[in-house]
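Colleague: no sequence for this one, just the structure:
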């Protein structure tokens, strides 16, 4: 790895100090980055190499977990950092970048390069063209692009055209850090490594599926970004639909980058096109309002006082194939919810004939499988069991697994895993161009409907609640209801931690 160089464009920004540098330090600490590798930071803020190293060292002390900090290792890591002050939007600086890379790698034609775009999305279409002009798009170079990859179908298609004119598809890594999470990957292992679930994983035995990814924070200091994004662009079009795909995809014949991503793309292409009825009845968008000490979205810095940007969206979608026809998938995401939770809940059909009553005098509920992505990562299967004593009263109990039972999750975060995959040239957990366009093709009509119908409902919900009540009503036509999760995965019948 002596000639390897990683170039971070936007190296003085928030993403770099909070996520990228701690991830790279983790790889360095674990021996995944070796030899005389170089990390070149590019940004408009003026730093010398030494000043930038001091700056990053201070940030590592803040953002790396205390138990993983080692002054010796952190100092060793930052010795690999270099900095070049330039504006990534301006073509003139790229000749300087090329010369700096020649000096760092010792190669007149630097080839083993990894570019990371930690820049505003407005530069996603500009940077590749400047790299091409500076002849930095060598055959072994790679480029990582953050979300959102486009703001709608048209812009995503235009970006794809730009990137494939500069790089081959296998050199382009569209990153979704959700796929770097151990628990998201475990959805695949849970489904395809256990023969008992596969016969049940279809419309004959599953009633409906929920996918929830909510946060108990507002937009913090991201008002300018969020006003132009909203929950659909920020979370649904990428993160949530990825979780749907992992839940619904067919098992690949062998597990590699091509076959896995082929099956993901098939799910996107099988999404049932939305109709006028769906726009009006099966999509609920909301915006958090002031509640107690929590300010409303329109009071946040950088947000218009009459903003109609959604901070919450819940919707029903279908998958038109033999396995899933008729099974609704309900997905939702929101800011300022009661807790921070990401999970997939599979609701199985009820038994064809009810013989027992529960202790509360109602029929036992149908079985429910919960795959918790974060926090308290694990899996819970809810089943009915007889209550000890006279009679045949049935109570729902939990069979549970927690990652703590395997010694907890590995220390490295999702970014570390994905950056390591990219360095190794493994694109399995990155989004392919056809999947990006298929996802946008499904969600783009929603954006057009909202744009063309300014009076389309935008429901307010008090900060700290589970969102608009209309999202509950949306599910009632199927006899479904949301599983409003607690932070604790187990013992939720005894207490609910938020």
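Modeller: Happy to help now that I have it. Just so it is clear, the model here is predicted, and its values are computed rather than measured.
Colleague: what comes up buried for stretch 246-257?
Modeller: 246, 247, 248, 249, 252, 257 (16 or more other C-beta atoms under 10 Å). Where you see a C-beta, it was placed from the backbone N, CA and C, and this is true even at glycine.
Colleague: could you do stretch 426-437 as well?
Modeller: Quick answer for stretch 426-437 (16+ other C-beta under 10 Å): 427, 429, 430, 431, 432, 433, 434, 435, 436, 437.
Colleague: for residue 135, which residues are in contact?
Modeller: When contacts are counted by C-beta atoms under 8 Å, 6 or more residues apart in numbering, residue 135 touches residue 98.
Colleague: on that earlier part again, want to throw the buried residues of stretch 246-257 into TSV with distance to residue 170?
Modeller: Listed next are the buried residues of stretch 246-257 as TSV, based on distance: C-beta to C-beta, whole Å:
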residue	distance to residue 170
246	22
247	27
248	26
249	21
252	18
257	8
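Colleague: which one of these sits closest to residue 282?
Modeller: Distance to residue 282, by C-beta to C-beta, is smallest for residue 248 among the buried residues of stretch 246-257, at 17.7 Å.
Colleague: what does the pLDDT read for that closest one?
Modeller: At residue 248, the predicted lDDT confidence score is 97.
Colleague: which residue sits closest to it, ignoring its sequence neighbours?
Modeller: residue 267 (5.1 Å; C-beta to C-beta, 6 or more residues apart in numbering).
Colleague: can you check residue 61 too?
Modeller: What sits nearest to residue 61 in space, not counting adjacent residues and going by C-beta to C-beta, 6+ apart, is residue 69, at 6.7 Å.
Colleague: ok so, going back, out of the buried residues of stretch 426-437, which sit inside helices?
Modeller: Taking DSSP state H as the definition of helices, the buried residues of stretch 426-437 contribute 433, 434, 435, 436, 437.
Colleague: give me the low-pLDDT residue ranges for the stretch 151-300 of the chain?
Modeller: Along the stretch 151-300 of the chain, the model assigns pLDDT under 70 to no residue.
Colleague: quick one, strands of it?
Modeller: Taking DSSP state E, counting those that start in this stretch, the strands of the stretch 151-300 of the chain run over residues 172-174, 206-214, 283-289.
Colleague: residues in contact with the first one?
Modeller: Taking C-beta under 8 Å, 6+ apart as the criterion, the residues outside strand 172-174 that touch it are 142-145, 147, 149, 163-164, 418, 422, 427, 430-433, 436.
Colleague: look at residue 409 and report its pLDDT.
Modeller: pLDDT at residue 409 comes out at 53.
Colleague: cool, and the one 5 residues further on?
Modeller: Here the pLDDT value assigned to residue 414 is 84.
Colleague: again, but for the one 4 residues further on
Modeller: Reading off the per-residue confidence, residue 418 sits at a pLDDT of 91.
Colleague: residue contacts, it?
Modeller: Contacts of residue 418 by C-beta under 8 Å, 6+ apart are 144, 173, 175, 177, 179, 180, 429, 430.
Colleague: run a quick neighbour tally on residue 31.
Modeller: When neighbours are defined as other C-beta atoms under 10 Å, residue 31 has 7 of them.
Colleague: that one: what secondary structure?
Modeller: coil (DSSP: H, G, I helix; E, B strand; the rest coil).
Colleague: same question for residue 18.
Modeller: helix.
Colleague: ignoring the adjacent residues along the chain, who's closest to it?
Modeller: Distances taken as C-beta to C-beta, 6+ apart place residue 63 nearest to residue 18, at 5.5 Å, with adjacent residues excluded.
Colleague: how much space between that neighbour and residue 10?
Modeller: Distance, residue 63 to residue 10, using C-beta to C-beta, to the nearest Å: 16 Å.
Colleague: okay, these two: which has more neighbours?
Modeller: residue 10 (22 against 13).
Colleague: separation between the nearest residue to the more buried one once chain neighbours are set aside and residue 176?
Modeller: Ranked by C-beta to C-beta, 6+ apart and with sequence neighbours excluded, the top spatial neighbour of residue 10 is residue 118, at 3.6 Å. Remark: distance between residue 118 and residue 176 (C-beta to C-beta) = 15 Å.
Colleague: which of the contacts of residue 418 sit farthest apart?
Modeller: Maximum pairwise distance among the contacts of residue 418 (C-beta to C-beta): 12.9 Å, between 144 and 179.
Colleague: and the residue nearest to residue 61, what pLDDT?
Modeller: pLDDT at residue 69 comes out at 88.
Colleague: then residue 470?
Modeller: 93.
Colleague: gap between it and residue 462?
Modeller: Distance from residue 470 to residue 462, by C-beta to C-beta: 14 Å.
Colleague: show the backbone phi and psi for the residue nearest to residue 18.
Modeller: phi -110, psi -10 (degrees, to the nearest 10).
Colleague: wait, it sits on residue 16?
Modeller: No. Counting by C-beta atoms under 8 Å, no contact exists between residue 63 and residue 16, whose distance comes to 10.5 Å.
Colleague: got a list of contacts for stretch 101-111?
Modeller: 3-5, 7, 38, 40, 82, 98, 112-113, 136, 138-141.
Colleague: OK, contacts around residue 10?
Modeller: So residue 10 contacts 16, 42, 43, 88, 117, 118, 119, 120 (C-beta under 8 Å, 6+ apart).
Colleague: please tell me how far it sits from residue 87.
Modeller: 11 Å.
Colleague: before we move on, what about residue 275?
Modeller: 46 Å.
Colleague: most tightly surrounded among the strands of the stretch 151-300 of the chain?
Modeller: Scoring the strands of the stretch 151-300 of the chain by mean neighbour count under mean count of other C-beta atoms under 10 Å gives strand 283-289 as the most buried, with a mean of 24.
Colleague: which residues are contacting that strand?
Modeller: Residues outside strand 283-289 that contact it (C-beta under 8 Å, 6+ apart) are 218, 231-232, 274, 294, 296-298, 307-316, 334-336, 446, 450, 456-463, 467-468, 470-471, 474.
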